[in-house]
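1. model the following, please.
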Amino acid sequence: MKYATIPHTELHASRICFGTATIGGAIGEADSFALMDAYCGLGGNFIDTASVYSDWESEVKSVSEKTIGKWLQSRRNRDKIILATKGGHPPFDNLLASRLSPEDISLDLEKSLTHLGTDVIDLYWLHRDDPSRPVEEIIDSLHAHVQAGRIRYYACSNWTTERIEAARQYAVSTGKQPFVANQMQWSLAEVNPGSLADPTTVQMDGQMLDYHIKTGLAAIPYTSQAQGFFSGKFRPEDRSKPSVADMFYNEANFARLNRVQELAGQLGRSGTEIALAYLTSQPFATFPIVGCRTRQQLEESASAGDLQLDAGMVRYLHGGEYTQ
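-> Below is the predicted model of the structure:
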């Protein structure tokens, strides 16, 4: 698997990031350990989690972080892993509540350090934003934790372009570290309007894409595989998986699926590999997060970390003409 350095950091990460939303929850501890072992065996070193992952399917809170912490201790490989986690998520019964006060950030961070059994988080994300809270206060809080040695770098998830830029301007003007990465919902597939139940999530749009190209800010997208839409198993008449149908069934996406399959045939790769390579072949550093439940899915996703598409292929997949 290929590696790339996240710009403005010393983090040399595998291009495919291992997502852990179901680790310790829907995927039990033993199978979670096996998947993480397999990921590392395939050359992966970048694991992304969050303080709330699997809370919706487990009686044990923060079970994803706790499972990863047990695995790190068991394998004694903390120094080989780029460990990312997220805090600041609102309660699930009140998604518009704010949890980005300095006290909230400190509380979540301390819990994550304990759950993961580590002294420092390599990449700490703010899971959500609160536009009413000044970016100055937020950056100052995160900067204090860097100075204290609790986190190495910080980043944002589900923030708008305007808020990311405001935070960058303040950080630069005061000699502090700006966000080094942005985590948003992004894949080759377009999301159907009104299909997202959570109003606090943010998708990649044209404005944000232009911002990443202009600034070189790293993108580390979730839902990068569009729930397997490009695997080849979905057809317009098949609505056996409502979550995929509701979110991704539209004319534009099925046209892109046809182009994915065409290119996959030409290159001798799978549709999943092509769809992930669309992201890793952007003109700025991109590290797609993949969620895998089986070793076969993991191996297929990880293999995309070695595939580079040219600019013409990327344009063609999105709907343009293929020009070399």
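2. list the contacts of the closest residue to V290 other than its chain neighbours.
-> Spatially, and ignoring its direct neighbours in sequence, V290 is nearest to S301 (4.2 Å; Cβ to Cβ, 6 or more residues apart in numbering). Backbone N, C-alpha and C define where each C-beta goes, glycine included. Counting by Cβ atoms under 8 Å, 6 or more residues apart in numbering, S301 makes contact with 16, 225, 272-273, 276, 290, 292.
3. what ranges do the strands span in the stretch 51-200 of the chain?
-> With strands called from DSSP state E, counting those that start in this stretch, the stretch 51-200 of the chain shows them at 82-87, 121-126, 151-157, 181-183.
4. cool, and the stretch 201-324 of the chain?
-> 218-219, 289-290.
5. save those strands as JSON lines, and put in distance to P102, mean neighbour count and mean pLDDT too.
-> As requested, the strands of the stretch 201-324 of the chain are exported to JSON lines (distance: least, Cβ to Cβ, whole Å; neighbours: other Cβ atoms under 10 Å; pLDDT from 0 to 100):
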{"stretch": "strand 218-219", "distance to P102": "26", "mean neighbour count": "24", "mean pLDDT": "98"}
{"stretch": "strand 289-290", "distance to P102": "28", "mean neighbour count": "24", "mean pLDDT": "98"}
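6. mind putting those strands into TSV with distance to W56?
-> Output for the strands of the stretch 201-324 of the chain, formatted as TSV (distance: least, Cβ to Cβ, whole Å):
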stretch	distance to W56
strand 218-219	25
strand 289-290	18
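7. between the ones you listed, which one is closest to A189.
-> Closest approach to A189 among the strands of the stretch 201-324 of the chain is made by strand 289-290 (14.7 Å; Cβ to Cβ).
8. okay, now the sheet partners of the closest one, with direction.
-> Paired strands of strand 289-290, with direction, are strand 17-19 (parallel) (DSSP bridges).
9. most widely separated two among the contacts of S301?
-> Pairwise distances across the contacts of S301 peak at 13.3 Å for E273 and C292 (criterion: Cβ to Cβ).
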